[in-house]
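Asks: requesting a structural model of the entry that follows:
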Amino acid sequence: MRRYVAAIDQGTTSSRCIVFDRQGRVAGISQREHEQLFPRPGWVEHDPETLWRNTALVLGAALSENGIEAGEIAAVGVTNQRETTVVWERSTGAPIHNAIVWQDTRTDRLCTELGGDIGSGRYQDRTGLPLSTYFSGPKLRWILDHVDGARERAEAGELCFGTIDSWVLWNLTGQHITDVTNASRTMLMDLRTQQWDEQICAEFGVPMAMLPQIRSSSQVYAEITSGPLAGVPVAGILGDQQAATFGQACLSPGDAKNTYGTGNFMLLNTGTTPVVSKHGLLTTVCYRLGDEPAVYALEGSIAVTGALVQWFRDNLGIISEAGEIEPLARSVADNGGAYIVPAFSGLFAPRWRPDARGVIAGLTRFVNKGHLARAVLESTAYQTREVMDAMRADAESERLDLELSELKVDGGMVGNDLLMQFQADILDLPVVRPMVNETTALGAAYAAGLAVGYWSGTDDIRANWSADKTWQPAMPEPERKSHIDAWNKAVERTYHWAD
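Replies: Now for the predicted structure:
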């Protein structure tokens, strides 16, 4: 009997496999971290072969370590770090360069060059995205320009490009496929046709022959060819933030979720019509189920949130593990006037300032490590408030009836009660954590399970979702305004630092 669905979650810092039952509960889990490679300042890479090797290991371990048989798995879904870029040989499957990670900023000058006289918005109407180092297209162009023989081999059809979902699926099934959510993060796909845009590809210098086929987020793509799950269909693909949105049951226009991970990613479901942002947000495909129309979202992507806690731990050594930051922050009553803006690789949504670099503002002799710990946590809440304000402004300018009544949250930082209360206070909205926090993997599992009939429809997803804890706003408005004003002053001091 097919009792479970498995999800592969290949993320920025680790690869995981999580097995879910019909109620969306975790039945088994395995995780393996991988090394972050920093060849130069601003460059971030992963070894693609390590990513695949770890993925294969956790896929088997999630079953064997939890007493689950392969015959009990109805389907496998894949979710992934979205814009991270891999190019490999079609004949051997060998990568020709390390994966260039979404956080990498080496393509800054290239993005300016591609924008020409029009600037960063040159392709935004067609792709929903501003020209930025964040997205896959410029990273792919960099590989073609800098790896010996890559362009000639790509034009001859010898090389494959993919985001990490494509890399994983190639190794699982031998198929060269991506889904609409990941394709919408490349800057190479037309949002409305959901096909590769030949003109943009030509202007980027990307041969069409190396691009994967674009499919829906929920359909049977192929069966796994080897390993412990040989013969099981891969039937769902969603980029990690779209997967979390789906796993949070944000299935109606106006539903919003925020994921707190290495960075923060807030998505607002806008329905079946793409809304091009005028306030610094991204327009992206939220999901597409089989032959149904695509559902779109506005997204605010924040580069550094959880990564700031890692920096506080690893680079400064003020704490020895991430869990120590909350009690340290609680040792003081407030931030002591200190604000940390973690623009380590520029600022993403809604400001899009690649020239920004991080600052600690408002320091006095009074400030101690407890105040800095508070400032680390609070920076996440302030950046989230900026994205929320941009979403409200876009909804108002487009005359959309998308009133945000609460924010669903997930990810590693939502276990931090101090942060979640401050988030509710700064947003002046209830913040709701779900009973099942593994929403990214769960969303991929739902997509796969729907494709094979394990779940009968999206009503099953809604029925599975339930709240674990809700934080209500309690901060007086004058205090909220004072904090936001001080944060904005701190952010402005990050500008014009990098050339």
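
Asks: endpoints of stretch 42-49, how far apart?
Replies: End-to-end distance for stretch 42-49, by CA to CA, to the nearest Å: 22 Å.

Asks: I meant stretch 261-281, not that one.
Replies: Note: stretch 261-281 ends 19 Å apart using CA to CA.

Asks: and whichever strand or helix holds Gly300, which strands flank it?
Replies: Secondary structure assignment for Gly300, by DSSP states H and E: strand 295-302. In the sheet, strand 295-302 lines up against strand 264-271 (antiparallel), strand 282-287 (antiparallel) (DSSP bridges).

Asks: now do the closest residue to Asn269 other than its chain neighbours, the pLDDT please.
Replies: Spatial nearest neighbour of Asn269, chain neighbours left out: Asp255 (4.7 Å); criterion: CB to CB, 6 or more residues apart in numbering. Bear in mind the C-beta positions are built from the backbone N, C-alpha and C, glycine included. For Asp255, the pLDDT comes out at 88.

Asks: who's in contact with Asp255?
Replies: 245, 248-249, 268-269, 408 (CB atoms under 8 Å, 6 or more residues apart in numbering).

Asks: just the buried residues from these, in ChimeraX please.
Replies: Remark: buried members of these, expressed as a ChimeraX selection using 16 or more other CB atoms under 10 Å:
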select :245,248,249,268,269,408
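
Asks: format the contacts of Asp255 as CSV; extra columns: distance to Gly174 and pLDDT.
Replies: Shown next, in CSV, are the contacts of Asp255 (distance: CB to CB, whole Å; pLDDT from 0 to 100):
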residue, distance to Gly174, pLDDT
Thr245, 30, 94
Gln248, 33, 91
Ala249, 34, 93
Leu268, 37, 91
Asn269, 34, 92
Lys408, 37, 92
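
Asks: which of the strands paired with strand 295-302 has the lowest average pLDDT?
Replies: Note on the strands paired with strand 295-302: strand 264-271 shows the lowest mean pLDDT, a mean of 92.

Asks: how about stretch 238-254: buried residues?
Replies: For stretch 238-254, a neighbour-count test (16+ other CB under 10 Å) marks 238-251, 253-254 as buried.

Asks: could you check the pLDDT of the residue lying closest to Glu477 once chain neighbours are set aside?
Replies: Leaving aside its sequence neighbours, Glu477 sits nearest to Asp428 (CB to CB, 6+ apart; 7.7 Å). On pLDDT, Asp428 comes in at 94.

Asks: just Glu398 next, same as before
Replies: 69.

Asks: distance-wise, check the residue nearest to Asn269 relative to Arg462.
Replies: 10 Å (CB to CB, to the nearest Å).

Asks: where along the stretch 1-150 of the chain do the helices fall?
Replies: Ranges of helices in the stretch 1-150 of the chain, per DSSP state H, counting those that start in this stretch, are 48-64, 108-115, 124-127, 136-146, 150-155.

Asks: got it, and the stretch 251-400 of the chain?
Replies: So, for the stretch 251-400 of the chain - with DSSP H, counting those that start in this stretch - the helices run 306-314, 325-330, 369-397.

Asks: so where's this protein uncertain?
Replies: Low-confidence segments of the chain, defined by pLDDT under 70: 1, 398, 401-402.

Asks: so who does the residue nearest to Glu477 touch?
Replies: Contacts of Asp428 were listed using CB under 8 Å, 6+ apart, and they are 473, 475, 477, 480.

Asks: for the residue sitting furthest away from the middle of the chain, grab phi and psi.
Replies: Relative to the centre of the chain, and counting by CA atoms, centre = their mean, the farthest-placed residue is Arg365 at 38.1 Å. Backbone geometry at Arg365, expressed as degrees, to the nearest 10, gives phi -60, psi -20.

Asks: can you map out the strands along the stretch 351-499 of the chain?
Replies: Listed in chain order, the strands of the stretch 351-499 of the chain (DSSP state E, counting those that start in this stretch) span 359-361, 407-411, 431-434, 467-471.

Asks: mind checking how far Asn464 is from Ala356?
Replies: The gap separating Asn464 from Ala356 is 40 Å, by CB to CB.

Asks: neighbour count for the two, which is higher?
Replies: A side-by-side neighbour count of Asn464 and Ala356, using other CB atoms under 10 Å, places Ala356 first with 24 against 21.

Asks: identify the residues contacting that one.
Replies: For Ala356, the contact set (CB under 8 Å, 6+ apart) comprises 341, 343, 346-347, 491, 494-495, 497-498.

Asks: what's the local residue count around Met33?
Replies: Check again: residue 33 is Glu, not Met. By other CB under 10 Å, the residues close to Glu33 number 11.

Asks: my read: Ala373 touches Leu316, true?
Replies: No - if you go by CB atoms under 8 Å, Ala373 and Leu316 don't touch, sitting 10.5 Å apart.

Asks: tell me which of the two has more neighbours.
Replies: The neighbour comparison of Ala373 against Leu316 (other CB under 10 Å) goes to Ala373, with 27 against 11.

Asks: that one and Thr127, how far apart?
Replies: 39 Å.

Asks: for Asp468, same thing?
Replies: From Asp468 across to Thr127, the span is 36 Å (CB to CB).

Asks: neighbour count for these two, which is higher?
Replies: Set side by side, Asp468 and Thr127 show more neighbours around Thr127, with 25 against 11, by other CB under 10 Å.

Asks: so the nearest residue to that one once chain neighbours are set aside, which state does it fall into?
Replies: In space, and not counting its chain neighbours, Thr127 is closest to Met187: 5.0 Å by CB to CB, 6+ apart. Look at Met187: counting by DSSP: H, G, I helix; E, B strand; the rest coil, its state is coil.

Asks: contacts only, for Arg385.
Replies: Taking CB under 8 Å, 6+ apart as the criterion, Arg385 is in contact with 426-427, 484.

Asks: how about those residues in JSON lines, adding neighbour count?
Replies: Output for the contacts of Arg385, formatted as JSON lines (neighbours: other CB atoms under 10 Å):
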{"residue": "Ile426", "neighbour count": "23"}
{"residue": "Leu427", "neighbour count": "22"}
{"residue": "Ile484", "neighbour count": "15"}
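
Asks: and for the residue nearest to Ser345 when sequence neighbours are not counted, the neighbour number?
Replies: Using CB to CB, 6+ apart and skipping residues adjacent in sequence, the residue nearest Ser345 is Thr105, 4.8 Å away. A count of nearby residues for Thr105, using other CB under 10 Å, gives 19.

Asks: repeat for the one 4 residues further on
Replies: Arg109: 12 surrounding residues under other CB under 10 Å.

Asks: how about Leu442?
Replies: Neighbour tally, Leu442, other CB under 10 Å: 32.

Asks: roughly how far does the residue nearest to Asn269 sit from Met391?
Replies: With distances taken as CB to CB, Asp255 is found 12 Å from Met391.
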